[in-house]
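Undergrad: Based on what follows, work out the 3D shape:
(one chain, ligands or ions: 2)
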Amino acid sequence: MSNAQNSTVPGIVLNNSVTIPQLGFGVFQVPPAETQRAVEDAFEAGYRHIDTAAAYQNESGVGAAIRASGIAREELFITTKLRNGEQGRAAAAFNHSRRELGLDVIDLYLIHWPVPAQGLFVDAWKALEKIHADGGVRAIGVSNFLPEHLDTLLASADVVPAVNQFELHPTFQQADLAAKSRSHGIAVEAYSPLGQGADLQSETVTELAAKHGATPAQIVLAWHLGIGNIAIPKSVHPERIRQNFAAAWLQLAPEELAAVSALDAGARLGADPAVASFSQM
Ligand SMILES: NC(=O)C1=CN([C@@H]2O[C@H](COP(=O)(O)OP(=O)(O)OC[C@H]3O[C@@H](n4cnc5c(N)ncnc54)[C@H](OP(=O)(O)O)[C@@H]3O)[C@@H](O)[C@H]2O)C=CC1
Ligand SMILES: O=C(O)C(=O)[C@@H](O)[C@H](O)C(=O)CO
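TA: Ligands and ions are numbered 1, 2, ... in the order given. Okay, here's the model as predicted:
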């Protein structure tokens, strides 16, 4: 595989013309004390898109890495998310995230979970629309929104979400949700894109890895990029961070993409957004 650290990752143009790098670096479960180092390693590997959340409690480490990097702000794409417990005070939560990150403008701000039992996500969306209109964020979107949550939101939204970030990996593809999101012009962003590591054992994946002289993770990430997903793998190991990033230059043939797509098993790893509340988040 070629190592193209100096090249630019392909971008996806969102429904408001903002471009998001298709491959980003996720920092869920990166301990706060390790976050600056991990994000610096990601920048060194070539990543320019970072996915964090207020609930991860590591936005300040992301901010420290941004400042230490010397990378021009306009080269970076930074996503963070509104905590579930703050859907009723999104403007204050957003300003707190801005301060933690040390950024005036965030690239993408997401409602982290719908938490339908709270009945607040439509109000929260109105607050995000205002933040967007005021120029605090370049794009707004949602995360963990199922079709019914999208329908409720779209019925009163003035701004169509730019992104829906949800669990998506070879053994859990949520094809109906991806199709519905795309049908409304909402880009599909895959979280847990490696199936938290579990999807890397599949024989289909390991055989393709041997064929391409690639790692299993590179095959899975190349599959995401090949079918048009945005993907945000996490790792705390510099070598894996570098290898995962290099997947941006691995192209799978149509029949290879189809072979990975055939692995769908409906095997959700995370929580079901229909019922998840995560009130601690
Ligand atoms: N919106 C939401 O509700 C959610 C969003 N997310 C986002 O998605 C990101 C990624 O999701 P996550 O759940 O972490 O799962 P991933 O699918 O990214 O898998 C991460 C796991 O795979 C391991 N791993 C990474 N690279 C390799 C490799 N090359 N070879 C072998 N193992 C590897 C990591 O271990 P190690 O670190 O030791 O390398 C870690 O255990 C999160 O960081 C977060 O930004 C995730 C969950 C929910
Ligand atoms: O990582 C995230 O963004 C999540 O929302 C979940 O992983 C969630 O926080 C969780 O798994 C809580 O146990």
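Undergrad: how much space is there between the residue of the chain found nearest ligand 1 and residue 36?
TA: Across the chain, the shortest distance to ligand 1 (C-beta to the nearest ligand atom) belongs to residue 26, at 2.5 Å. Any C-beta I mention is one placed from the backbone N, CA and C, and that applies to glycine too. According to C-beta to C-beta, to the nearest Å, residue 26 and residue 36 sit 16 Å apart.
Undergrad: what do you get for residue 236?
TA: 12 Å.
Undergrad: Looking at the two, which is more packed in?
TA: A count of neighbours by other C-beta atoms under 10 Å puts residue 36 above the other of residue 236 and residue 36, at 21 against 15.
Undergrad: and the residue in the stretch 101-250 of the chain that ligand 2 sits nearest to, how many residues sit next to it?
TA: The nearest approach of the stretch 101-250 of the chain to ligand 2 comes at residue 112, 5.9 Å away (C-beta to the nearest ligand atom). For residue 112, the count of nearby residues is 24 (other C-beta under 10 Å).
Undergrad: if I pick it, what's in contact with it?
TA: 53, 54, 55, 81, 82, 83, 84, 143, 144, 281 (C-beta atoms under 8 Å, 6 or more residues apart in numbering).
Undergrad: please redo it, this time with the cut-off set to 6 Å
TA: 53, 81, 82, 143 (C-beta atoms under 6 Å, 6 or more residues apart in numbering).
Undergrad: In CSV: those, plus pLDDT, secondary structure and neighbour count.
TA: Listed next are the contacts of residue 112 as CSV, based on pLDDT from 0 to 100; DSSP: H, G, I helix; E, B strand; the rest coil; neighbours: other C-beta atoms under 10 Å:
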residue, pLDDT, secondary structure, neighbour count
53, 98, coil, 22
81, 98, strand, 26
82, 98, strand, 30
143, 98, strand, 23
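Undergrad: of the residues you listed, list those near ligand 1.
TA: residue 143 (C-beta under 6 Å from any ligand atom).
Undergrad: where's the residue in the chain sticking out farthest from the centre relative to residue 181, distance?
TA: Here the chain reaches farthest from its C-alpha mean at residue 211, the gap being 28.3 Å by C-alpha atoms, centre = their mean. Per C-beta to C-beta, residue 211 is found 31 Å from residue 181.
Undergrad: Phi and psi next, for residue 214.
TA: Dihedral pair for residue 214: phi -120, psi 170, per degrees, to the nearest 10.
Undergrad: Give me the local confidence score for it.
TA: pLDDT recorded at residue 214 is 98.
Undergrad: try the one 4 residues further on
TA: Reading off the confidence values, residue 218 has pLDDT 98.
Undergrad: and if you look at residue 281?
TA: Model confidence at residue 281, expressed as pLDDT, equals 79.
Undergrad: just residue 8 next, same as before
TA: 81.
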